[in-house]
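Undergrad: My questions concern the predicted model and sequence given below.
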Amino acid sequence: SKIDFLLDTHERNNPKLVTGEVIRGALQTVVKRPFRVVPFFDPGPWGGQWMREVCDLPNDAPNFAWCFDCVPEENSLRLGFGAATVEIPSINLVFFHPRELLGDAVHARFGTEFPIRFDFLDTMDGGNLSLQVHPLTEYIQDQFGMNYTQDESYYLLDAKDDAVVYLGLQEGISPTEMVQSLTDAQQGKGPFPAERFVNIWPARKHDHFLIPAGTVHCSGRNCMVLEISATPYIFTFKLWDWARLDLNGQPRPVHLEHGRKNIQWDRTTEWVRKNLLNRVQFVAQHEGWNEERTGLHKREFIETRRHWFTGSVPHDTQGGVNVLNLVEGPEVVVESPDGAFEPFVVHYAETFIVPAAVGRYSIRPTNAGRCATVKAYVRTNP
């Protein structure tokens, strides 16, 4: 708040200098309209090829495994000033305008943290993710001092015919036997027989798998996952990584000691089928659109809604930040009913943020055809 100038050296051979007053004014503008952060793509040992094609990425990496498309702690915010652009950490917006961005209730609960994360996991023509589990809320509080944990879900943007998701445990397994098998695999005594212990579910485009903390899970190959999760930074306890090396030829860390303390052994086949698979509930239908509730589990604080539409859909932040992704259709436009911001164009698979301060807004296709968005927000009521 006291800087006189900001020097942007993101482009090494093209430094840019802007006044602090201009930057502060830009942030005040951003927090009153929909916006996107700069996506970050990265290869990985299990990475796929879907994002390279759909997101028009270069051929300078063997694959693209991850994309952070709404992680303010990791992504940048690009601000345009005429012909020039300046790139700053998007977390600055959270620090300087938390109430306008998050809303009073979310800010009161999470402070200057952005609690919703959207990212991509691409295993198309790649490999399985590591078999993993996330810490329970009480465990992450006791061991790491975090107030909330990484509850999450997998929304399938796309999938091949043989795509699967590993989720939950088989009925009647022995926890002692499973932990011993994981230990043996980690010690090089043969591969872990995941199919003996873990459910393997077919995965189809637009399926939604719910993954509350403590649930053993991973995406199989040939899935394109939009991961919707809470954002307590990085707390993934790998249980088994399919005996592979990272892109530098080194073993990837496995966290059996943490992992075994968080596995919920009662989340077995029938419980998963009832509680975590495609819990789609009809909410409302109007001319040109309908709304569905697609989760999440009752332990999670993130609510997700899917809208299918051929016409204009009214939305309202209701005092809390909204995060959306266009999961079907080539292009939509986000508009203000009273012209409070300029129309904002969004393309297929792009994630965008609507600050709490925006209030009412609408989304409509730019051309004929059916579109769909998935929207996430923090629940204000249990």
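TA: Great, that's in hand.
Undergrad: buried set for stretch 27-41?
TA: By neighbour count on 16 or more other Cβ atoms under 10 Å, the buried set for stretch 27-41 is 27, 30-37, 39, 41. In this view, the C-beta of every residue, glycine as well, is placed from N, C-alpha and C.
Undergrad: whoops, stretch 231-249 was the one
TA: Neighbour-count burial for stretch 231-249 [16+ other Cβ under 10 Å]: 231-232, 235-242.
Undergrad: Relative to residue 168, which of those residues is nearest.
TA: Distances from residue 168 to the buried residues of stretch 231-249, taken as Cβ to Cβ, are shortest for residue 239 (13.3 Å).
Undergrad: give me every residue that touches the closest one.
TA: 130-133, 182, 192, 216, 254-256, 259 (Cβ atoms under 8 Å, 6 or more residues apart in numbering).
Undergrad: Kindly report the same for residue 367.
TA: 330-331.
Undergrad: if I've got this straight, it is in a strand?
TA: No. Using DSSP: H, G, I helix; E, B strand; the rest coil, the assignment for residue 367 is coil, not a strand.
Undergrad: so how far is residue 308 from it?
TA: Here the distance between residue 367 and residue 308 works out to 16 Å (Cβ to Cβ, to the nearest Å).
Undergrad: Pick the one among the contacts of residue 239 closest to residue 299.
TA: Taking the contacts of residue 239 together and measuring to residue 299 by Cβ to Cβ, the closest member is residue 133, at 14.2 Å.
Undergrad: number of nearby residues for the closest one?
TA: Other residues near residue 133 come to 24 when the count uses other Cβ atoms under 10 Å.
Undergrad: what pLDDT does it get?
TA: Note for residue 133: predicted pLDDT of 97.
Undergrad: and the residue nearest to the spatial centre of the chain, how far is that from residue 176?
TA: Centroid-nearest residue in the chain, with Cα atoms, centre = their mean: residue 118, separated by 2.2 Å. Residue 118 sits 38 Å away from residue 176, going by Cβ to Cβ.
Undergrad: And the pLDDT for the nearest residue to residue 356 once chain neighbours are set aside?
TA: Counting by Cβ to Cβ, 6 or more residues apart in numbering, residue 103 is the residue found nearest to residue 356 once chain neighbours are left out, at 3.3 Å. Per-residue pLDDT puts residue 103 at 97.
Undergrad: before we move on, the earlier item: which of the contacts of residue 239 fall within helices?
TA: Taking DSSP state H, the ones among the contacts of residue 239 that sit in helices are 182, 256, 259.
Undergrad: for these, which one is nearest residue 61?
TA: Nearest to residue 61 among these, with distances taken as Cβ to Cβ, is residue 259, at 29.2 Å.
Undergrad: Compile the contacts of residue 239 into a markdown table and extend it with columns for distance to residue 2.
TA: Shown next, in a markdown table, are the contacts of residue 239 (distance: Cβ to Cβ, whole Å):
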| residue | distance to residue 2 |
| --- | --- |
| 130 | 44 |
| 131 | 48 |
| 132 | 43 |
| 133 | 44 |
| 182 | 52 |
| 192 | 54 |
| 216 | 49 |
| 254 | 46 |
| 255 | 42 |
| 256 | 48 |
| 259 | 45 |
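Undergrad: top of those by neighbour count?
TA: Busiest of the contacts of residue 239 [other Cβ under 10 Å] is residue 216, holding 28 neighbours.
Undergrad: from memory that one sits against residue 129, does it?
TA: No. Residue 216 is not in contact with residue 129 according to Cβ atoms under 8 Å; the separation is 12.0 Å.
Undergrad: can you pull out the helices in the protein?
TA: So, for the chain - with DSSP H - the helices run 20-30, 50-54, 91-96, 98-102, 104-110, 137-144, 175-186, 194-197, 256-260, 269-275.
Undergrad: I'd like to know which of the ones you listed is closest to residue 331.
TA: Using Cβ to Cβ, the nearest of those to residue 331 is helix 50-54, at 13.5 Å.
Undergrad: Please dump the helices of the chain into JSON lines; it should also carry distance to residue 203 for every row.
TA: JSON lines is the format used below for these (distance: least, Cβ to Cβ, whole Å):
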{"stretch": "helix 20-30", "distance to residue 203": "36"}
{"stretch": "helix 50-54", "distance to residue 203": "14"}
{"stretch": "helix 91-96", "distance to residue 203": "33"}
{"stretch": "helix 98-102", "distance to residue 203": "32"}
{"stretch": "helix 104-110", "distance to residue 203": "31"}
{"stretch": "helix 137-144", "distance to residue 203": "27"}
{"stretch": "helix 175-186", "distance to residue 203": "23"}
{"stretch": "helix 194-197", "distance to residue 203": "15"}
{"stretch": "helix 256-260", "distance to residue 203": "23"}
{"stretch": "helix 269-275", "distance to residue 203": "14"}
